[in-house]
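[1] here is the input, now give the coordinates:
(chains A, B, C and D)
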Number of protein chains: 4
Amino acid sequence: MSATTTRPRGRLFFANPGPTNIPDSILKAVAHHSVDFHDADFIALYDECVAGVKRVLQTEQEVLMYTASGHGAWEASLVNLFSPGDRLLIPETGNFSESWARMAEGHGLAVTVLPNEWSRGVDIAALRAALAADTGHTIKGVGIVHNETSTGMVCPIAEVRAALDETGHPALLLTDTISSLGCLDFRMDEWGVDCAVGGSQKGLMLPTGMSFTGVSAKALAAHQSAKLGKHYFNWSVMMNRRHKGFVGTVPTSFFFGLKEALRLLEEEGLAQVFARHHRLGEAVRRCVRHWAGNDGPRLFCGAQGRESDSVTAVLMPEGFDAEAIRRTCMQRFNVSLGGGLARLNGRVFRIGHLGDLNEPMVLGTLAAVEMALAINKVPHGKGGVDAAMEYLAG
Amino acid sequence: MSATTTRPRGRLFFANPGPTNIPDSILKAVAHHSVDFHDADFIALYDECVAGVKRVLQTEQEVLMYTASGHGAWEASLVNLFSPGDRLLIPETGNFSESWARMAEGHGLAVTVLPNEWSRGVDIAALRAALAADTGHTIKGVGIVHNETSTGMVCPIAEVRAALDETGHPALLLTDTISSLGCLDFRMDEWGVDCAVGGSQKGLMLPTGMSFTGVSAKALAAHQSAKLGKHYFNWSVMMNRRHKGFVGTVPTSFFFGLKEALRLLEEEGLAQVFARHHRLGEAVRRCVRHWAGNDGPRLFCGAQGRESDSVTAVLMPEGFDAEAIRRTCMQRFNVSLGGGLARLNGRVFRIGHLGDLNEPMVLGTLAAVEMALAINKVPHGKGGVDAAMEYLAG
Amino acid sequence: MSATTTRPRGRLFFANPGPTNIPDSILKAVAHHSVDFHDADFIALYDECVAGVKRVLQTEQEVLMYTASGHGAWEASLVNLFSPGDRLLIPETGNFSESWARMAEGHGLAVTVLPNEWSRGVDIAALRAALAADTGHTIKGVGIVHNETSTGMVCPIAEVRAALDETGHPALLLTDTISSLGCLDFRMDEWGVDCAVGGSQKGLMLPTGMSFTGVSAKALAAHQSAKLGKHYFNWSVMMNRRHKGFVGTVPTSFFFGLKEALRLLEEEGLAQVFARHHRLGEAVRRCVRHWAGNDGPRLFCGAQGRESDSVTAVLMPEGFDAEAIRRTCMQRFNVSLGGGLARLNGRVFRIGHLGDLNEPMVLGTLAAVEMALAINKVPHGKGGVDAAMEYLAG
Amino acid sequence: MSATTTRPRGRLFFANPGPTNIPDSILKAVAHHSVDFHDADFIALYDECVAGVKRVLQTEQEVLMYTASGHGAWEASLVNLFSPGDRLLIPETGNFSESWARMAEGHGLAVTVLPNEWSRGVDIAALRAALAADTGHTIKGVGIVHNETSTGMVCPIAEVRAALDETGHPALLLTDTISSLGCLDFRMDEWGVDCAVGGSQKGLMLPTGMSFTGVSAKALAAHQSAKLGKHYFNWSVMMNRRHKGFVGTVPTSFFFGLKEALRLLEEEGLAQVFARHHRLGEAVRRCVRHWAGNDGPRLFCGAQGRESDSVTAVLMPEGFDAEAIRRTCMQRFNVSLGGGLARLNGRVFRIGHLGDLNEPMVLGTLAAVEMALAINKVPHGKGGVDAAMEYLAG
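    Now for the predicted structure:
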């Protein structure tokens, strides 16, 4: 019974921007014994889930699913829609626009990255100009990250749609909704999205391992002539199966969880889910703005109105290491923050505020961060948590 | 998908002073399929658990177990040690000393309550005087609540022992350790406790349903001549069974959980467990003292040094309803506080800070309470959470 | 990776007559985080569960609940209804009638056991005679085990009721329904039962730890003048609480499981539940009768029509040890059988067939037993499993 | 409480050949809250799991992992090793050799299928001849299904290796070990396998969703010049990540389960695991051979020594529908069998006997099938279960 550890006790505060907190009821639902995925009971569950995902995507078109993480759904969006050498326009948003571009190149596509400052996000005017300039319509697809998880910034997809419409450009519109779906309003059909990439492990509050694409009629048509090699993610193979999606074994466990996730989302109401994410996201931002003061950690997002309601990236003041904050939070307070990705590594830490979350979870997290700032002697305006509380009690 | 509820999402912050938070690993361990309690594997598990409970009680004497809540173990402590008409001295501490006294009366014992102000706790001098005055040794037992859950106050058992020793009084010493065991230092053998009543649902972080008594050799001897009617809780019946304790079916599920609870406690180390409870309890008190200011909610405990490290009772200012605070916390923030018991109903709310707990859990809870005070326009010093954070970051 | 164990893999076949198999959905429901038992949501759940238990007991009278195993509910039935020295008539049925009698004696009651051969069960005529002979109505209660788990035999409570009625005897009728409730038809109100003792761990498919009594109006009236010492199980204390039942903390976990258990029972329909128990019980009996042949293991029950549909006791031929069969089943086939209790130890093994059970579970169990008979060279008619299969396929 | 359903109760007997039974301890382990996959604790767990998978594959070379079903690992084996137009030799074994061939064609490879009767399996001599004939070494890879799940037949990989060695053919040897790994002896290094495809949901007893490839040094070298488009499954991308494998989010849940799966396998000992699969598989075959009689259902496998120890395909007599047997088993007895795939649909049902399995699970399943044969009036030798029991008790 001698002292053996200072490992923190109590529940892990998982404030990573994904995967995210999984409610107990979903964890239990996922922990389901194996069933035959051809069984009538399972097929009924499956169909119910697909219908629910369509409601969350706000689409009446097709949804195809994959046993894969979000990157697999990305891959599906590329190999099903394009042919070798096709040109794809990807406006720079951060680490995830870069990854998607690299993936496209790995499949032999010609990628044009439209450069943007990460802290400003997509320049819609520049995007419109690029489309207008492409009079020969060599751009076959535009790929946009709706909610850039690495920077905590959102891109107004409706404005992207407008740019395409105004320039009369026929390119397919692909969006990555991985860290927005089920957190922020996303309207696939209204915004004319042709392929919406989503995953299980963020707003749907499931473990990592299932992903999907909403697919428009226009995309399905384009698919017919797409020549990139494919099989595991091949929509044509899928469309011929009873379970559209899933070449190979269907990962049945996820569907028991997905049904519960949809039940939770719809019990609360999607509008309320979005409002809650906004309220909690705004609380985080009020706190960070308070910390910022003159020379404290501040919001990475430099474009008003582009702040994400599901994740906030916090930029450390010059000379201070974001990783030290993360280490203190984890080791001393059992709070797991996201780190800075790619060029932001060490400069940024990220607070995920998505999924199954409430006020004390957010405030406990912010309190841990504020203590970690003090412990690491990072200059900051004290009272950030108070600012968040004042907002949330309002 | 229309809006249907404002029910809070995210994890319940369970800040009741018991039952308490159950770690996931214990919940899963308890969810065990049925096994034969006579099976050799189970008996090995059982013996291992009993040995572990002894280490937590800091005793090398006997531990007998019951399928019952803590009140059942109370009953066991009475029916096994006394005969009809025996006199029991119970120093008043709060709701639970009163309940124990009522239970003793229900079994035909003569109870003498030694009155104390609830906010001051046991007057050790008065207790010593009462014992000294009982020259005929008509008092057969002294029953003391170690940690009075209704008031958030602790009683120094070592001083009680000293009072018995100094007066040469042979009465049996019974203690209720339900909300202290596994949270506060409790030394059954060193303090000469004859019967220590404990339950599963507090510091052992298990569901409600199993309780036990540490039983000294002196108590076992007294048991031989005790004449109160009994069977379900009869130690003699139990001592003749392979599983000492448990007249009837052994509740096997609890033992799978108890093994994990003991593993968690001993992985951390009991000394660290107590230190953590003290640190978190002190954080709560710093916060409440800050709220108190001139006319805010304040610590119910009026005796310095008697503050409990597992639960804090907060006394509302005159004219304000504690229940309103609890309602706001629950309905708006998913934070469950304890209410005031008996005469304290409506005047006090209680913050449990025991079991599987860490800093952000406590700070999230305090933040919710501080917001609820604001929402309900209860005068209070703002910055209570900051005071707690300052202490915890120190 | 060297060979280390011959421990059987795969799922334990738990063919003990209780506790019994717990369906996954109940295990998961029970593994619920702590909630405040005063919370409105919990109270609604509680009330729903009590109403459901009344439907299973087929009563519209009172149900009072205990954090205790079935023996605790037994104790409640005694201490609440009788006064010291009261006379209780307990017809002998087996180990459990004996235990109940011992418990009554431990509480100072005068018990008259009406002797019966265990393999024949209650002699209703003798019972009627004993009641008729008690012209002074000194017998205050008759305590009968509805389904004697140690012998696998059922007692026709309706005939007991008739005996009381025909003799005009006013004694309270107490029944132990622990291993029958939710398995066999039990009609508390129709049969005029005054106190029906039930537990969580058999037909309700829950873990051990919660028990209850159905209490008639006549019993509640009798309770008013009952003088046995009591508190933990005191109905008067309970009736004054919001949650009738439960002196002390309410074991909330059980109610999440109980709701699911009731849902399962009522989804299937009580009549079908009873029919399924009968079908599976009859399959076991056909198998055992086939084993019996001239000199093989045979049904312990010697009274036609008294065979229990929830448990079958199998009597070994002279010179063969029932424990050897149990050991082989457990160690080699991962099948857990019940052993012989009290005087039947070593002579009898018991096959539980209650709760969440289906044909292949029963047949897998019987196959293991038949193999164990062969392995232990116990003479038996081969083809017992075939006989069961033939019946079940019919 | 009226009768509402005849849905079978009790536990589902899941005798599909995959996914397979998941032990409770694995289900619970998988139901883990989210963690940061960059966290040091998780990385230690990850490394431990990869090392364990290597022990099961019996390799000291590389293991790379995917968030994907087994088909994803198939895809990885192709896109990482070959260039457009490369020739792949796939000996026909059944449905899964056909699927793998189709997948290869979908990626632009030239597939030569070496035809075999499904009921005879791979003709090693013909394979050797084909390799010898390929003097120009145009065959870049040989892809063999180790255990063909659709026919219940195994292919001797050591003999395939010998054919390659004897002909001095440099083709890469790819094997699908999905339904053999953790069930049958598989020796990647000893057998000179260059790419071994495995999945989570069979012998590793996990849910569907994670798969992996064992990769030889020779395969890694070949990868350097492989030109098929790829990213999600790209080994080069993976080898540059801390977690080799997993482009994108690591599916952390699986690793908590995988650790427990490895613990179970190694606690039993791999040799014992294989012996248990053989024993249970042989019991199934004895039963089926007994059913066969003159005109009953018989083993599909027509090649002695090629019978699979993890799945048995049963061929119905002419004029009888395998699906009817499956329906009766499922609807009446809660036993889920596998159906016939592709050209075997309706003619074959399959009994999975892999993973977490024991004697009563197998015997309960066989009993259900034997009853279903009787119910559907399919001619068969009665006493199949007896034959299995006799073997298992031997």
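
[2] number of nearby residues for the closest residue to residue A:348 other than its chain neighbours?
    Once flanking residues are discounted, residue A:348 sits nearest to residue A:340: 3.5 Å by Cβ to Cβ, 6 or more residues apart in numbering or on different chains. For glycine as for every other residue, the C-beta is placed from the backbone atoms N, C-alpha and C. For residue A:340, the tally of surrounding residues (other Cβ atoms under 10 Å in any protein chain shown) stands at 23.

[3] contacts only, for residue A:340.
    Residues counted as contacts of residue A:340 (Cβ atoms under 8 Å, 6 or more residues apart in numbering or on different chains) are A:150, A:313, A:322, A:346-350.

[4] what do you get if the cut-off is 7 Å, keeping everything else the same?
    Residues near residue A:340 by Cβ atoms under 7 Å, 6 or more residues apart in numbering or on different chains: A:322, A:346-349.

[5] now, of those residues, which are buried?
    Buried by 16 or more other Cβ atoms under 10 Å in any protein chain shown: A:322, A:347-349, out of those.

[6] for these, could you give me JSON lines that also reports secondary structure?
    Below are the buried ones among the contacts of residue A:340 laid out as JSON lines (DSSP: H, G, I helix; E, B strand; the rest coil):
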{"residue": "A:322", "secondary structure": "helix"}
{"residue": "A:347", "secondary structure": "coil"}
{"residue": "A:348", "secondary structure": "strand"}
{"residue": "A:349", "secondary structure": "strand"}
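
[7] spell out which parts of the stretch 101-250 of chain A neighbour chain D.
    Counting by Cβ under 7 Å from any Cβ of the partner chain, the stretch 101-250 of chain A comes close to chain D at A:103, A:106-108, A:201, A:207-209, A:228-232, A:234, A:247-249.

[8] could you rerun that using 10 Å?
    Listed as neighbours of chain D in the stretch 101-250 of chain A under the rule Cβ under 10 Å from any Cβ of the partner chain: A:102-109, A:178, A:199-202, A:205-211, A:227-234, A:236-237, A:246-250.

[9] can you flag which of these belong to helices?
    Counting by DSSP state H, those place A:102-106, A:236-237 in helices.

[10] just give me the closest of the residues you listed to residue D:117.
    Closest approach between those and residue D:117, by Cβ to Cβ: residue A:237, at 26.8 Å.

[11] quick one: that closest one and residue D:71, what's the gap?
    10 Å (Cβ to Cβ, to the nearest Å).

[12] the more surrounded of these two?
    Between residue A:237 and residue D:71, residue D:71 has the larger neighbour count (other Cβ under 10 Å), namely 25 against 20.

[13] now residue A:143: which helix or strand?
    strand A:139-145 (DSSP states H and E).

[14] do you have the helices of chain A handy? List them.
    Ranges of helices in chain A, per DSSP H, are A:24-30, A:40-57, A:70-79, A:95-106, A:124-133, A:157-167, A:217-224, A:235-239, A:252-268, A:270-292, A:322-333, A:359-375, A:384-393.

[15] nearest to chain D, out of the contacts of residue A:340: which one, please.
    Ranked by distance to chain D (Cβ to the nearest Cβ), the contacts of residue A:340 are led by residue A:349 at 12.0 Å.

[16] so what's the closest one up against?
    By Cβ atoms under 10 Å, 6 or more residues apart in numbering or on different chains, the contact set of residue A:349 is A:15, A:297, A:300, A:312-316, A:321-326, A:329, A:337-340, A:369, A:372.

[17] report the buried members of these.
    Looks like these have A:15, A:297, A:300, A:312-316, A:322, A:324-326, A:329, A:337-340, A:369, A:372 buried, using 16+ other Cβ under 10 Å.

[18] now, among the buried ones among the contacts of residue A:340, which is nearest to residue A:77?
    residue A:348 (27.3 Å).

[19] show me what the closest one is bridged to.
    Per DSSP bridges, the residues bridged to residue A:348 are residue A:315, residue A:345.

[20] residue ranges in the stretch 51-200 of chain A under the pLDDT threshold?
    Scanning the stretch 51-200 of chain A for pLDDT under 70 picks out no residues.

[21] relative to chain C, how far out is residue A:298?
    Residue A:298 sits 37 Å away from chain C, going by Cβ to the nearest Cβ, to the nearest Å.

[22] residues near that residue, how many?
    Close neighbours of residue A:298, defined as other Cβ under 10 Å, add up to 17.

[23] can you tell me the closest non-neighbouring residue to it?
    Residue A:298's closest residue in space is residue A:292 (Cβ to Cβ, 6+ apart), at 3.8 Å.
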